[in-house]
Structure formats: structure tokens, C-alpha cells
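Chemist: can't give you the sequence, but here's the structure:
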């Protein structure tokens, strides 16, 4: 009887999943979630219900459960994609359960998959060529160059970089502040960068039309916010083909920075702080790559292996 009463009350509040999603978004905003996370919630939930409209069935949770299993059980879905979908849908339905809409979360019992991190490494030659590609006679080219420099110089997350304001950058002190409100871990951190990156940022700022009224550091060609999707598409369309790469994403530049920091002798704990990792476990993925480089180099140059290898026959 109590469950039926909750369902009736819920149906009076939300006539469709869109209404429920909007209130859920307001709830998350009140909790202080970042704009990027809010967008991810909206994207995932909308994609789910668009593909499975019959999933909106508080009275018949088995329909929702079946739709969830179909959505997560698609063929060839990568573990990382699976985990992201599971994470956002589970949070949404958990909220609905707390609100009395569902008597049980339809994602209960569905465990996350073990996903190997996709860490990209580009050679120094590729990165050097990339830095020469942007057309510095245009604003967009100067912006691309400055953004690439900052990404490689600080290992900043793409979402954090694109949320920076002019006030977040100190060109005299050569530091950039990642505010807690835009940081993935909700903790602010200050990242140092090189004089070369400072020059690139300064040149970009000077080239901006005076009529633009925006506090954002990196903008699109109209002075509005440059989205991660827009930045990804630009890297993929304008730069990846010229580098002979099938794929080039904003996160690839972050990976490159981390690997080269370690190769150049950076302390793993310093790298953890710069990248904003909440624990060292995530940083260890990069450490393992560098250790693999060392092992490969040792095997190729091993004096013992080379000396013994000269003996072709046993006498």
C-alpha cells in the first residue's frame, strides 16, 4: 500500500522522464557538481531514454531493468564506456528511488567492469610537428597553439583548461589556477608552466577582437565557450591527418605530458599533484609505461646479452 502511494505521488510530480531529469539536474547543481559532470548526466540519461522510451515505467520496474540491460549489454561496448553509462544511470535511478519513484534501483547488482586505461604515447617528433602546424596568423591558430602548449606543459584536463578564465592565468608568475569548481576532484591546484607557453597565451589574448565580452581564456571563433567536443573535432580534423594519426584527442595531450614528465625525471608524487589524481593508483599507470621503456632499453642494450649472444656454438 505504501509503495502504491509513493508511485501515485511521483506520477503527480513527473509526467515524463524529461521532468524527472530536470529536477535531478537541479539537485546535482545544488550539491555543487561541476558543469562538465552535469552535462554528462544529461547526455547519458537522455541517450538512454531516447533509445528505450519504454524504460520510463515506475509501475513496472522490470521494463526499466530490461532496458538497462540492453543498453549496457550492447555488443563491442568498451569497459570504460560501460562503466560511464552504469555510473550515471545508477546515480539517476538511485535518486529516483530516494524520491519514492522506484522501489528498487534497476541497476542494483550490475557491477563495474575492469577497464584498462587507454594511455596514448606520441613520439617527440610527432609532438614537435604538432606544435608547428597551427596557423599563427589567425586567432584560432594562435588559440590552438596556446592550448596545445598548455596541455603538454601542465597535463591539465581538457575540461579544466576550457573552463579557465583570464583571471586564472598569471603570466608574470607563470602559473595557472585550476579552481575547485572546475576541477574533477573538487580540489583546486596551481600548475606552473614555461615561458614559451606564456608567450603563446599572451599572443592569443592580444589577437582577440576587442568587442568580445567574455572572461574565458579559450574561446571559439565567435568568442563563446570552446567545448571539449569542439576541441576534439578540431584536433581530429585539422591536425591528426597531417600527423599521420588515425586519432588525436585532447586527453591524448594530457597522457603525453604525463609520460614525458616521468621520462624527464619528475617525482611520481609531484606528477600526482600536477595531474590532480586523488590517489597514486591512477598515476601508477603512467609509471608502469615508463618502467616498460626502461626494461625494453635494458634488453636491447644489455652487455651480458650481447656478449653471450656472440657465442654461436658451445665448444
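Modeler: In hand now; what should we look at? Predicted model only: the values in this text are computed from it and were never measured. Numbers count the residues shown, from 1 in each chain.
Chemist: I'd like to know which helix or strand in the chain has the lowest mean pLDDT.
Modeler: Lowest by mean pLDDT, DSSP states H and E among the helices and strands of the chain is helix 2-13, with a mean of 46.
Chemist: count the residues that sit near residue 152.
Modeler: Applying other Cβ atoms under 10 Å, we find 22 residues neighbouring residue 152. To be clear about C-beta, it is placed using only N, CA and C from the backbone, and glycine gets the same treatment.
Chemist: distance of it from residue 223?
Modeler: As for residue 152, its distance to residue 223 is 25 Å (criterion: Cβ to Cβ, to the nearest Å).
Chemist: my read: residue 102 touches residue 65, true?
Modeler: No - using Cβ atoms under 8 Å, residue 102 makes no contact with residue 65, being 10.0 Å away.
Chemist: if we can go back for a sec, ok, then the element right after the least confident helix or strand of the chain?
Modeler: helix 17-30 (DSSP states H and E).
Chemist: what's the average pLDDT for that following helix?
Modeler: For helix 17-30, mean pLDDT rounds to 94.
Chemist: so for the next helix or strand after it, what gets flagged as buried?
Modeler: Remark: after helix 17-30, the chain's next helix or strand is helix 35-51, criterion DSSP H and E. Buried residues in helix 35-51, counted by 16 or more other Cβ atoms under 10 Å: 36, 37, 40, 41, 42, 44, 45, 48, 49.
Chemist: of those residues, closest to residue 213?
Modeler: residue 36 (23.4 Å; Cβ to Cβ).
Chemist: which residue is the nearest non-sequential neighbour of that closest one?
Modeler: Computed as Cβ to Cβ, 6 or more residues apart in numbering, the closest residue to residue 36 that is not its neighbour in sequence is residue 159, at 4.5 Å.
Chemist: how about the strand or helix carrying residue 260: buried residues?
Modeler: Element membership for residue 260 (DSSP H and E) is helix 250-263. The neighbour-count check on helix 250-263 (16+ other Cβ under 10 Å) flags 250-262 as buried.
Chemist: let's have these in JSON lines, adding distance to residue 133 and pLDDT.
Modeler: Listed next are these as JSON lines, based on distance: Cβ to Cβ, whole Å; pLDDT from 0 to 100:
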{"residue": "250", "distance to residue 133": "15", "pLDDT": "94"}
{"residue": "251", "distance to residue 133": "19", "pLDDT": "91"}
{"residue": "252", "distance to residue 133": "15", "pLDDT": "92"}
{"residue": "253", "distance to residue 133": "13", "pLDDT": "94"}
{"residue": "254", "distance to residue 133": "19", "pLDDT": "91"}
{"residue": "255", "distance to residue 133": "19", "pLDDT": "88"}
{"residue": "256", "distance to residue 133": "15", "pLDDT": "90"}
{"residue": "257", "distance to residue 133": "18", "pLDDT": "90"}
{"residue": "258", "distance to residue 133": "22", "pLDDT": "87"}
{"residue": "259", "distance to residue 133": "21", "pLDDT": "87"}
{"residue": "260", "distance to residue 133": "19", "pLDDT": "87"}
{"residue": "261", "distance to residue 133": "23", "pLDDT": "88"}
{"residue": "262", "distance to residue 133": "26", "pLDDT": "85"}
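Chemist: any chance of the residues you listed in TSV with distance to residue 77 as columns?
Modeler: Compiled in TSV, the buried residues of helix 250-263 are given as follows (distance: Cβ to Cβ, whole Å):
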residue	distance to residue 77
250	22
251	19
252	21
253	26
254	24
255	22
256	27
257	29
258	27
259	27
260	32
261	32
262	31
